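Undergrad: A structural model of the following input is requested.
(2 chains)
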Amino acid sequence: MRAQFRFRIRLIFLGIIAIALLIVVRLYFVQIVHGDDYALKADRQFTSSAGGLFDRGSIYFTRKDGTLISAATLETGFLVALNPQTLTNADTAYAAIQKVASTSVDRETFFAASRKTNQVYIEVAHHLSDAAGHALATQKIPGIQVLRERWRSYPGDTLASQAVGIVSFGSTDTLSGRTGLEAYYEATLSRTGDAAYKNFFATLFSNAGDFLVDAKNAREGNVVTTIEPAVETRLASDLAAVQAKYHSKETGGIIMDPATGAIIALGSVPTYDSNDLSSVRPSVLGNPLVEHVYEFGSIMKPLTMASGLDAGAITTNSTYKDTGCITVDTYTICNFDLKARGTATMQQILSQSLNLGVAWIATQLGQEKFRTYFTSLFGQKTGIDLPSETGGLLGNLSKPQQIGYDTAAFGQGIAITPVQMVRALSALANGGAMTNPHLVSAIKLDSGVTRAIEAKDSVPVFSSRATEEVSTMLTYVVDHDLAHGKDTIPSMSVAAKTGTAQLTKPGGGYYKDRYFHSFFGYFPSYAPRFIILLYTNDPQGVQYASETLTSTFMDLTQFLIEYYHVPPDRAVTSTNP
Amino acid sequence: MSKTTVMRLPVSPIKALLGGALLLMLTYVALIAMVMNYAALTVGFAQSVRNDEAKIASLEATYFSMLSEVTKTDYAARGYAKPIAQVFVPSAPATALR
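TA: Below is the predicted model of the structure:
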């Protein structure tokens, strides 16, 4: 009796174990061995057969009040796919699609696809709205599939497009960031796409740690930039106006907070609409602000002046004898107007943009000290959070010929990127220390945590006394010399300088009649909130930067003062007692 | 000869084990149902969030186009003129307003 009872008990146990084993084995096959197939089957009920719905983190602009506005986000809608094997009436299908599609479907392409009867899936229309997709789906046209689709969308269209970047397939079959922030923050923005079908058992059995604390949550997130959309819109509009007026090869600009290095706005034209890349030249997709180098011309002079003052090679009271032209190493360098000034002051060098004046300062400094200052300013890449940044070309400062130093002193013979230039100039506006330009202030992780991106430490180059003296000189330039002082703002001190450089010929030497115009300035002069760098390359029918960029700079300055309510820093007359 | 007593359980062990197995099976099915529901809800919520984000993106596109329109507006052509003079006044203490 007892033996029989034990036998039954064991039999039941064996039965339970066998059933449990069967279930476990079945689960193993369903969830681990064939898990992907089942996930794909589930996907196909809603999405295209090409895989899961595209997913990616967002990039945000930050308004002055802290509100985040999407620079890059996702849109959801439908795509239409054709199954030529089950399509019964191509004409009816085409007419139905044409009726709802937001963009016209090419008739020839559609009918060519419908004849490919050896295929079962050909996508013929994309980016249909929800309403259009549902309207088409309810018609249940044989051979037509209406499937969920999600795609990258840039609400600002052309706004900061070169900085934000694009997503494309490139040489692989994976959509990923190719340029701009999209590429630089690819690891943060990309999504693995398995979140919707998280495999509970597989995750539990294979990687319990990740199930409890998801490592992806510590990596995946959204990118918050320092770009202010209203300022960016204004800068883009002004740059486009300059480009159109002077038919330049390109025009660009950067507005930055010199104290932190946060870039408020940046852009260059020609640019492109990130939502429609069908007719974009590949050369436009890059970002000239970090990838191209230019000889900036006379906006280099304040840096030469600051170097001389900081090293003690000159003082603000120094004078030199200006002969109009000098010969250095068999080369002749002259003032822009070839005229001699006689005994000239340091203020005159900046006010009248005297090439011989800064060449004299370079000589007073000596080659080694000059090289040390300029290598500190331009010898390194800025480390800005954009891909493909290039470094400056400072080869002339490695040679013993003095002509290289003299020309570098007024911004010719050395070539640097606009971002390097604005970084170097920020030293004048930040007590002698260069700040590091950056576009991203924080990463909002999917876990809910916001990780602030700390700006790198600023790099001291000049003493604060030297930069204050240069600021005083540059403020004098705006108050008295720029447009003969007509553009001065009574309530605000503004420090600025124009630059006009001759363009280099491909085979060496310089064009006599083609120029690169630049303009930089900051305000309030002695506690700057903003630094602005503008340039236009090869403008037509105009020689000097004071003619092309002064009004744009002053308009931008006025706009920023009003938009940010920058308080006046100068005594103003009041009608009140 | 001693008299042996047979101990009887109040419930048959086979029935108890069967009941246990049934309970485990039900728990297992319930767990699967929960996980499936959770997954369905997750997908639904994720889709809902994405749809809302798409609507926001559409509104943001409108915002950008309005911003662009405002920036490009030629106020002079619309009859507005720049102020002849801009005068700043010293800020008065709040009590002066009473």
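Undergrad: From residue B:46, how far off is residue B:40?
TA: Using C-beta to C-beta, to the nearest Å, residue B:40 is found at 11 Å from residue B:46. Any C-beta I mention is one placed from the backbone N, CA and C, and that applies to glycine too.
Undergrad: out of the two, which sits in the more crowded spot?
TA: Set side by side, residue B:40 and residue B:46 show more neighbours around residue B:46, with 14 against 10, by other C-beta atoms under 10 Å in any protein chain shown.
Undergrad: which strands and helices sit next to the helix or strand that the more buried one is a member of?
TA: Assigning secondary structure by DSSP states H and E places residue B:46 in helix B:13-72. Helices and strands touching helix B:13-72, by 3 or more C-beta pairs under 8 Å, 6 or more residues apart in numbering or on different chains; DSSP states H and E, are helix A:2-27, strand A:68-82, strand A:144-153, helix A:229-246.
Undergrad: Taking helix A:229-246 as reference, get the angle to it.
TA: 40 degrees (axes from the mean of the first three to the mean of the last three C-alpha atoms, to 10 degrees).
Undergrad: how far is helix B:13-72 from where the chain is centred?
TA: 9 Å (C-alpha atoms, centre = their mean, to the nearest Å).
Undergrad: Ok, stretch A:512-527 next?
TA: Using C-alpha atoms, centre = their mean, the offset of stretch A:512-527 from its chain centre is 21 Å.
Undergrad: okay, how far is it across stretch A:373-387, tip to tip?
TA: Counting by C-alpha to C-alpha, to the nearest Å, you get 27 Å between the two ends of stretch A:373-387.
Undergrad: would you turn the helices and strands packed on helix B:13-72 into CSV with mean neighbour count?
TA: Formatted as CSV, the helices and strands packed on helix B:13-72 follow (neighbours: other C-beta atoms under 10 Å in any protein chain shown):
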stretch, mean neighbour count
helix A:2-27, 11
strand A:68-82, 24
strand A:144-153, 21
helix A:229-246, 21
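Undergrad: Chain B versus residue A:316, what's the distance?
TA: Going from residue A:316 to chain B by C-beta to the nearest C-beta, to the nearest Å gives 31 Å.
Undergrad: I'd like to know how many residues surround that residue.
TA: By other C-beta under 10 Å, 14 other residues sit near residue A:316.
Undergrad: and if you look at residue A:387?
TA: Neighbours of residue A:387 using other C-beta under 10 Å come to 20.
Undergrad: any idea how far it is from residue A:165?
TA: On the measure of C-beta to C-beta, residue A:387 and residue A:165 end up 8 Å apart.
Undergrad: Which residues are in contact with each of those two?
TA: Shared contacts of residue A:387 and residue A:165 (C-beta atoms under 8 Å, 6 or more residues apart in numbering or on different chains): A:179-180, A:183-184.
Undergrad: returning to what we had before: Serialize the helices and strands packed on helix B:13-72 to TSV and add fields for mean pLDDT and distance to chain B.
TA: Shown next, in TSV, are the helices and strands packed on helix B:13-72 (pLDDT from 0 to 100; distance: least, C-beta to the nearest C-beta, whole Å):
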stretch	mean pLDDT	distance to chain B
helix A:2-27	85	6
strand A:68-82	91	4
strand A:144-153	90	5
helix A:229-246	96	5
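Undergrad: Any idea which of the ones you listed gets closest to residue B:57?
TA: strand A:68-82 (4.5 Å; C-beta to C-beta).
Undergrad: which residues touch the residue of the stretch 51-200 of chain A found nearest chain B?
TA: Residue nearest to chain B within the stretch 51-200 of chain A: residue A:155 (4.0 Å; C-beta to the nearest C-beta). Shown in contact with residue A:155 (C-beta under 8 Å, 6+ apart): A:69-71, A:73, B:57-58, B:60-61, B:63-64.
Undergrad: how about a cut-off of 7 Å?
TA: Contact partners of residue A:155, counting by C-beta atoms under 7 Å, 6 or more residues apart in numbering or on different chains, are A:70, A:73, B:57, B:60-61, B:64.
Undergrad: sorry, back to before: in a markdown table, list the helices and strands packed on helix B:13-72 along with distance to residue A:298.
TA: What follows is the helices and strands packed on helix B:13-72, written out as a markdown table (distance: least, C-beta to C-beta, whole Å):
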| stretch | distance to residue A:298 |
| --- | --- |
| helix A:2-27 | 75 |
| strand A:68-82 | 35 |
| strand A:144-153 | 42 |
| helix A:229-246 | 18 |
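Undergrad: With residue B:16 as the reference, name the closest of the ones you listed.
TA: helix A:2-27 (10.5 Å).
Undergrad: Give the other helices and strands that the closest one contacts.
TA: The helices and strands touching helix A:2-27, judged by 3 or more C-beta pairs under 7 Å, 6 or more residues apart in numbering or on different chains; DSSP states H and E, are helix B:13-72.
Undergrad: quick revisit: so what's the model's average confidence on the helix holding residue B:46?
TA: For helix B:13-72, the per-residue pLDDT values average out at 89.
Undergrad: Of the helices and strands packed on helix B:13-72, which is nearest residue A:473?
TA: Closest among the helices and strands packed on helix B:13-72, using C-beta to C-beta: helix A:229-246, at 26.4 Å.
Undergrad: In space, what's closest to residue A:512 - neighbours in sequence excluded?
TA: Excluding the flanking residues, the one nearest residue A:512 by C-beta to C-beta, 6 or more residues apart in numbering or on different chains is residue A:502, at 7.3 Å.
Undergrad: Shouldn't the one you found be within a helix?
TA: No: read with DSSP: H, G, I helix; E, B strand; the rest coil, residue A:502 is strand and lies in no helix.
Undergrad: May I have the residues that are in contact with it?
TA: A:510-511, A:515.
Undergrad: neighbour-wise, which of the residues you listed leads?
TA: residue A:515 (24 neighbours).
Undergrad: Now the phi/psi pair for it, please.
TA: phi -130, psi 160 (degrees, to the nearest 10).
Undergrad: What's the local residue count around the closest residue to it other than its chain neighbours?
TA: Excluding its sequence neighbours, the residue lying closest to residue A:515 (C-beta to C-beta, 6+ apart) is residue A:500, at 5.3 Å. Per other C-beta under 10 Å, the neighbour tally for residue A:500 reads 25.
Undergrad: Residue A:500 and chain B: what is the separation?
TA: Distance of residue A:500 to chain B, given as C-beta to the nearest C-beta: 28 Å.
Undergrad: If we ignore the residues flanking it in sequence, what's nearest residue A:159?
TA: According to C-beta to C-beta, 6+ apart, the nearest residue to residue A:159 is residue A:232 (5.8 Å).
Undergrad: And residue A:363, how close does it get to residue A:87?
TA: From residue A:363 to residue A:87 the distance is 81 Å (C-beta to C-beta).
Undergrad: Then residue A:335?
TA: The value you get for residue A:335 to residue A:87, if C-beta to C-beta is used, is 77 Å.
Undergrad: try residue A:499
TA: 64 Å.
Undergrad: of those two, who's got more company?
TA: residue A:499 (29 against 19).
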